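A.B. asks: Would you be able to build a 3D model of this:
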Amino acid sequence: MGAERRVITVTGTVQGVGFRPFVYRHAVELGLGGSVANDSRGVVIDVDGRADDLDELQRRVLEEAPPLARVTGMAVEVRSGPGDRPAGFRIVDSRAEGAPAVAVSVDVATCDDCAAELADPTDRRFGYPFVNCTNCGPRYTIILSIPYDRAATTMAPFVMCDDCRKEYEDPSNRRFHAEPNACPVCGPHLRLISPEGDTVAERDDALVRAAAALDAGKVLAVKGLGGYHLSVDAGQPAAVAELRRRKARDDKPFALMVPDLRAARELCLLTPAAAEALASPRRPIVLAPRRPASTTTTGCADGVAPGLPELGLMLPYTPLHHLLLARLYRPLVMTSGNLSDEPIVHDDPDALARLGPLVDAILTHDRAIHIRCDDSVVRASAERVQMVRRSRGYAPEPVALAAPARRQVLAVGAELKNTVAVAKGRNVVASHHIGDLEHLAAYCSFLQAVDHLCRLAGVAPDVVAHDLHPEYLSTKFAVEGELPTLAVQHHHAHIASCLVDHGHDGPVLGVAFDGLGMGPDGTLWGGEFLVADLDRFRRVGHLRPVRLPGGNQAIREPWRMALSWAHATLGPDAAVSYGKAVDDRWPAVLAMVERSETILTTSAGRLFDAVAALCGLRPRVTYEAQAAIELEAAAAGIPVTGGDGWTVDSTRVDGLVVVDPSPLVARVVDERSRGTRVAEISAGFHDGLGRAVADVAVELAGESGLHTVALSGGVFQNARLTEVVAGRVAAAGLSVLVHRHLPPNDGGISVGQAAIAARLPG
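C.D. replies: Sure thing, here's the model as predicted:
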């Protein structure tokens, strides 16, 4: 068979993952000629040889790609002979023609080979806090533009020494074209600085003194991949309490970094799925049940996660983390470097200004972080690992659309837990977690993310998708711009994100339970049953609406919703009795509840808040969803019973099913008055509500001729409720879609918006 020339364009996550040397090795092995290069689209292989050998190269590219690569497409063009070019096969310089279409690799935890070098006294990178290779290290957080080359990263200022350059240029070396490649001679180095900015120590001495400070109970800021952490020894109660005081974080749990899986198992009960997630190259924070205190041998102060049955654990994911944990071998608090609720600090001058007053020292380095990127969070149960916050290690990995986008889309997400997303071709790409846009630093990060994501993905938006709520800053950004806009209802976006998560395009019966979202009728929705696909939705049911006294203040003070639900369920006398017991402002709140002008809400999240307050758990919160989290935690250890005896009413109003939890609320009040344990009350409430929601979903799906139910919204981060609803729906013979790779909370809203807008005609 004669020679043939093909130009093979490979798209997906194929830059910064060792793809060119992988192609080079196989092309040489097969005796092929030509070249391989990065360009704005992906990797271009211009290759000639026998047709059978070319077929084999294509098969290997598709089936045997490097571990971090993700091939999403391959286009092959047959051309005339090779012409006048050098013999053999070469790796050539990157080209930047055209709009970018390549997927940017995520940041990847230190691989086993680099970890071995880090711990080997005979290796030239022994103890070097920035060891990396083609298979690991920073990517998204240091990249400035596409194609992914060193000059387009924050490593550009560091000129490789001769030894590093040889590795970088050797196709047989695992550091071939590893753009962050460095060593102690030529790369970044550590500094320990005082809160005032004075250098205390450098290089190895900085690490030694930082570890000694943690051992002595000091508070440190530590620069990581996507920003700074605040760190203390988790086994020292006084240090944990001092960090809470300085950070102004009263109750919200801290994340822990533990040395290895053995240490993680000493603290928590790990399912196989949880252990796999912990040790994966993505290295998220994994929420897992604590072991009983009596069996815990590794120290963890109670103040790390006050009153909660779970801990958030992660393993070291940078060489610096490995070195710190190797010196101390104990759990360290590694919480976001910020004041409570502000976005994580990632810029060095900002770190000194904002974190200096909070810490005793700052362990920093001179490799800049371009994109702020907080740690990802997943929650592990026996059945699944569910995404809670999708950020470092996952963003900006593309998510496939069920059908190609008809137009290029920018979606700007919601107000809380904001992410932005773009849609182009067969993919939607979501940003890292940005946070709550009410903070100026978060809004600035939002603006940066919009620009950065569009440039990296090569998206020139035809339309900007946004939430219906006119007061969201993301909405104002969209409507005040020059591009056409599309308003997407909040809960439709939730269900759409769940569909994208499963590669499904509907229609489904969607159950969207969350805190609040603007409805087309001007009320605040949050407990919705929708018949939905990616084109449209129809509301077919909802929770009973009640008054939201005080707007956002009712979110911060759940006793207000407890008073509102008591009034709706048991009447004014019950509301007065409850109000007198909890807050002197009850008359004003009661007046709001009884005023017809006070806005109505169907919010499931506010229902959980109300029940938590009626149980005496949390009349006021210090962080979002605290009351609901503690209500779920109270039921830990109580078997799921199905909610026998805990009933819910439902009626039809104007063709919609209205699910009325009043009987549940009344029973909560009654059981509480009789001294029933809060654990049993919480379990009954969860199971009773879950059973009712499942039964209504099955009924509505049947009426609409649907066979699939999708569960979305932040309330479905509640593992117990999800277990009851999903189990009962599945037992009825229907398929159930529960979020896996995208968060059910508002962090997934931008993906849903993008998927809906991408269906519009071009």
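
A.B. asks: How far off centre is the helix or strand where residue 200 lies?
C.D. replies: Per DSSP states H and E, residue 200 falls inside strand 199-202. Distance of strand 199-202 from the chain centroid (C-alpha atoms, centre = their mean, to the nearest Å) equals 35 Å.

A.B. asks: What residues sit buried inside it?
C.D. replies: Residues of strand 199-202 classed as buried under the neighbour-count rule (16 or more other C-beta atoms under 10 Å) are 200, 201. Just so you know, the C-beta spots here come from the backbone N, C-alpha and C atoms, and that holds for glycine as well.

A.B. asks: How about stretch 460-468?
C.D. replies: Under the neighbour-count criterion of 16+ other C-beta under 10 Å, stretch 460-468 has 461, 462, 463, 464, 465, 466, 467, 468 buried.

A.B. asks: And the helices in the stretch 151-300 of the chain?
C.D. replies: Ranges of helices in the stretch 151-300 of the chain, per DSSP state H, counting those that start in this stretch, are 162-169, 203-215, 237-247, 261-267, 272-279.

A.B. asks: Where does the prediction get shaky in the stretch 551-700 of the chain?
C.D. replies: Along the stretch 551-700 of the chain, segments meeting pLDDT under 70 span 643.

A.B. asks: gap between the residue nearest to residue 357 when sequence neighbours are not counted and residue 367?
C.D. replies: Leaving aside its chain neighbours, residue 357 sits nearest to residue 195 (6.8 Å; criterion: C-beta to C-beta, 6 or more residues apart in numbering). Separation of residue 195 from residue 367 (C-beta to C-beta, to the nearest Å): 22 Å.

A.B. asks: okay, those two: which has more neighbours?
C.D. replies: residue 367 (22 against 16; other C-beta atoms under 10 Å).

A.B. asks: Contact partners for the more buried one?
C.D. replies: 130, 138, 142, 154, 155, 158, 180, 187, 188 (C-beta atoms under 8 Å, 6 or more residues apart in numbering).

A.B. asks: low pLDDT regions in the stretch 1-150 of the chain?
C.D. replies: Along the stretch 1-150 of the chain, the parts satisfying pLDDT under 70 run over 1-2, 81-84, 94-103.

A.B. asks: Recalculate using a threshold of 80.
C.D. replies: Low-confidence segments of the stretch 1-150 of the chain (pLDDT under 80): 1-2, 15-16, 40-41, 67-68, 80-86, 93-104, 146-148.

A.B. asks: still on that earlier bit, show me what contacts the residue nearest to residue 357?
C.D. replies: Counted by C-beta under 8 Å, 6+ apart, residue 195 has contacts 352, 356, 357, 359, 360, 361, 362.

A.B. asks: Find me the pLDDT at the last one, would you?
C.D. replies: Model confidence at residue 362, expressed as pLDDT, equals 98.

A.B. asks: how deep is it tucked in, by neighbour count?
C.D. replies: Applying other C-beta under 10 Å, we find 25 residues neighbouring residue 362.

A.B. asks: surely it meets residue 196?
C.D. replies: No. Residue 362 is beyond contact range of residue 196, at 10.1 Å (criterion: C-beta atoms under 8 Å).

A.B. asks: quick revisit: who wins for proximity to residue 601 among the helices of the stretch 151-300 of the chain?
C.D. replies: Minimum separation from residue 601 across those (C-beta to C-beta) falls at helix 237-247, 31.6 Å.

A.B. asks: mind listing what's buried in the longest helix along the chain?
C.D. replies: Counting residues, the longest helix in the chain under DSSP state H turns out to be helix 678-703. Neighbour-count burial for helix 678-703 flags 678, 681-701 (criterion: 16+ other C-beta under 10 Å).

A.B. asks: how far away is the closest residue to residue 249 other than its chain neighbours from residue 459?
C.D. replies: Among residues not flanking residue 249 along the chain, residue 340 sits closest, at 4.5 Å (C-beta to C-beta, 6+ apart). Residue 340 is 34 Å from residue 459, where distance means C-beta to C-beta.

A.B. asks: if you count what's nearby, which of those two comes out ahead?
C.D. replies: residue 459 (22 against 13).

A.B. asks: For residue 334, see how far away that one is.
C.D. replies: 34 Å.

A.B. asks: Likewise for residue 145?
C.D. replies: Residue 145 sits 30 Å away from residue 334, taking C-beta to C-beta as the criterion.

A.B. asks: Those two: which has the busier surroundings?
C.D. replies: Comparing residue 145 with residue 334 by neighbour count (other C-beta under 10 Å), the higher total belongs to residue 334, at 25 against 15.

A.B. asks: Provide a list of residues in contact with the more buried one.
C.D. replies: 222, 224, 229, 230, 231, 254, 255, 256, 257, 314, 375.

A.B. asks: Swap in 10 Å and give it another go.
C.D. replies: Counting by C-beta atoms under 10 Å, 6 or more residues apart in numbering, residue 334 makes contact with 222, 224, 229-232, 234, 254-258, 285, 312, 314, 316, 321, 324, 375.

A.B. asks: Next, the angle helix 237-247 makes with the helix or strand hosting it.
C.D. replies: Assessed by DSSP H and E, residue 334 sits inside strand 332-336. Relative orientation of strand 332-336 and helix 237-247, computed by axes from the mean of the first three to the mean of the last three C-alpha atoms, to 10 degrees: 10 degrees.
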